[in-house]
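> Just a sequence and a predicted model for now, questions to come.
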Amino acid sequence: MASSAPIGESSQAGSSSSAPQSSPGASRDGPPPAIICIGMAGSGKTTFMQRLNAHLHAQKQPPYIINLDPAVKTVPFARNIDIRDSVNYEEVMKQYNLGPNGGIMTCLNLFATKVDQVIGILEKRAPSINSILVDTPGQIECFVWSASGAIITDAIASGFPTVIAYIIDTPRTKAPATFMSNMLYACSILYKTKLPMILVFNKTDAQDADFAKEWMTDFEAFQRALQEEEGNDDGVGGSGYMASLLNSMSLMLDEFYKHLDLVAVSAMTGAGVDEFMKAVEGKCLEYEKDYKPEMERARKRREEQKLEEKEKELGRLMKDIDVGDSGKKREEPAVMSDIESSDEDAGQGILERDEDEEMEDEEGLQKKHERIRV
Ligand SMILES: Nc1nc2c(ncn2[C@@H]2O[C@H](COP(=O)(O)OP(=O)(O)OP(=O)(O)O)[C@@H](O)[C@H]2O)c(=O)[nH]1
C-alpha cells in the first residue's frame, strides 16, 4: 500500500469572476465541467491538453488539471493534482514485480483508494474554477477497462458534468477498416463509461477530417470506401463472413454516430479548439438531461443492492454466532459499523499542487518520489 505525501492546498486555482461567456464553466450555474481525455497511445492527448490549457489561460479561465498517467516522465503544463505525487510507478513495478501495464494499473488502483480526497478537493475548488481537465494513460485499456479507471471516472462524473474527449490520430485513421476499428473502440468506451462523448479528430494540420465527417453522415459513402479498400465490386468487404461482419458493424456504427459530436482540431496549431469548447457546452447540457438522471438511478439501485447484501451477511453472521457458541449468548453488535472493518488509510494521501510549481526535472521528481514510499 502506498503511503502518502502530505495534503497541500493551492491558493492559485482559476477564478471564475472574470471569466468570458465563451467558457463552458462561466456560462453555467453549478459545478464546472470535467473533460476526460482518452485516446490511443500517440494520438496527441498530452499535446491537446497543453493546447486547451493555453487556450483557457489566454481567456483568463485557467483550468484545474489532473494527471492520471503515472508513467509519464515529463508533463509540459502545470498540474493541480498529479498521480505521480501519490504513487511511484518505478517502485510499484519493482516491488510487485510487474511489467509496464501492470505497473500503471496498480498505480491507478492505489490512487483510486484516495479518490474521495480528490473529489473533496475538487468540491472545495468548484466555486472558483471554470473547468477540470483530466489526462489519462496512453495505455488506454489500463484506464478504460480497469476497475480503478471506472471508480475514478464515476467519482468525477457523480459530482461534475463530465465529458469524454476521445482523441483520434486522424492521419492514422484514413483507411476505412482502421476508421471502423477506432469507432468500435469509441463505441465500447461510450458503453463502458456511459458518459457523453466528443470525437476529437486531432492532427488535422497533417490530414483533414472531411473523410470522417462524410463517413459518419453518409452510410453509402463509407460502404463505397470499404469496397474500394477491399478492391472488389461484389459487395462490401469482399465475400464470406468478412463482408457480412463489416456490413453489420457499419450499420451498427451508423446508429452510434447519432450520439456523438465530431470536432476536427489540431493540437499543434490550435485550429478547432473553439469548436471543441462549444461541443463541451452542448455535451454538458446532455449530461444534465440524460446522463445524470440515469446515473442517479443506477447509483440508487447499487445502494439498495448493497444494503440488501449487507443485511443478508449480517443474518448469516448472527446465525454463525449462535451455532458456533453452543447456545451461549453473545453480546450483539449495536450497529452495522460495529462489525465492519474501518479503513484507517482512507483519509490521507492526495497532494494538491501549487499551480505555480515549476515543471519537474528528473532530479525534482526523484526527490519527490523519495518522500513517497510504496
Ligand atoms: N502534426 C501534428 N502532430 C501532433 C499533433 N498533436 C500531437 N502531435 C504529435 O503526436 C505525437 C504524440 O503526441 P502526444 O501528445 O505525446 O500523444 P499522447 O496521446 O499524449 O501520447 P501517450 O501519452 O504516450 O499515449 C507527438 O510527436 C506530437 O508532437 C497535431 O495536432 N498535429
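Structure received. Numbering: from 1, shown residues only.
> and residue 65, how many neighbours does it have?
Using other C-beta atoms under 10 Å, residue 65 has 23 neighbouring residues. Just so you know, the C-beta spots here come from the backbone N, C-alpha and C atoms, and that holds for glycine as well.
> close enough to count as contact, it and residue 76?
No: using C-beta atoms under 8 Å, residue 65 is not in contact with residue 76, being 11.4 Å away.
> part of a helix, is residue 164?
No: going by DSSP: H, G, I helix; E, B strand; the rest coil, the assignment for residue 164 is strand, not a helix.
> ok, now how distant is the residue nearest to it when sequence neighbours are not counted from residue 58?
Leaving out its chain neighbours, the residue that sits closest to residue 164 by C-beta to C-beta, 6 or more residues apart in numbering is residue 197, at 4.4 Å. To residue 58, residue 197 is 26 Å away according to C-beta to C-beta, to the nearest Å.
> who's more crowded, those two?
Taking residue 197 and residue 58 together and counting by other C-beta under 10 Å, residue 197 has the greater number of neighbours (23 against 10).
> which residues touch the residue of the stretch 1-150 of the chain found nearest the ligand?
Across the stretch 1-150 of the chain, the shortest distance to the ligand (C-beta to the nearest ligand atom) belongs to residue 138, at 2.1 Å. The contact partners of residue 138, by C-beta atoms under 8 Å, 6 or more residues apart in numbering, come to 39-42, 45, 69.
> Let's see that with 6 Å instead.
Contact analysis of residue 138 by C-beta atoms under 6 Å, 6 or more residues apart in numbering lists residue 41.
> so it, which of the three states?
Under the three-state scheme (three-state DSSP), residue 138 adopts coil.
> The stretch 201-350 of the chain: helices as residue ranges?
Along the stretch 201-350 of the chain, the stretches classed as helices by DSSP state H, counting those that start in this stretch are 210-217, 219-230, 240-256, 273-286, 292-324.
> Now do the longest one, average pLDDT.
If I follow you right, that is helix 292-324. Averaging pLDDT along helix 292-324 yields 82.
> quick one: that helix to helix 273-286, angle?
With axes from the mean of the first three to the mean of the last three C-alpha atoms, to 10 degrees defining the directions, helix 292-324 sits at 60 degrees from helix 273-286.
> List the buried residues in helix 292-324.
residue 295 (16 or more other C-beta atoms under 10 Å).
> cool, and the first one?
Along helix 210-217, these residues count as buried under the neighbour rule (16+ other C-beta under 10 Å): 211-212, 215-216.
> and that helix, what's its mean pLDDT?
pLDDT averaged over helix 210-217 gives 92.
> got the CA positions of it in CSV?
Taking Å, rounded to 0.1, in the frame of the first residue of the first chain, the C-alpha atoms of helix 210-217 are listed here in CSV:
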residue,chain,number,x,y,z
ASP,A,210,-13.5,15.7,-44.0
PHE,A,211,-13.4,12.0,-44.9
ALA,A,212,-14.5,11.1,-41.3
LYS,A,213,-17.4,13.6,-41.4
GLU,A,214,-18.5,12.1,-44.7
TRP,A,215,-18.3,8.5,-43.5
MET,A,216,-20.2,9.4,-40.3
THR,A,217,-23.1,11.1,-42.1
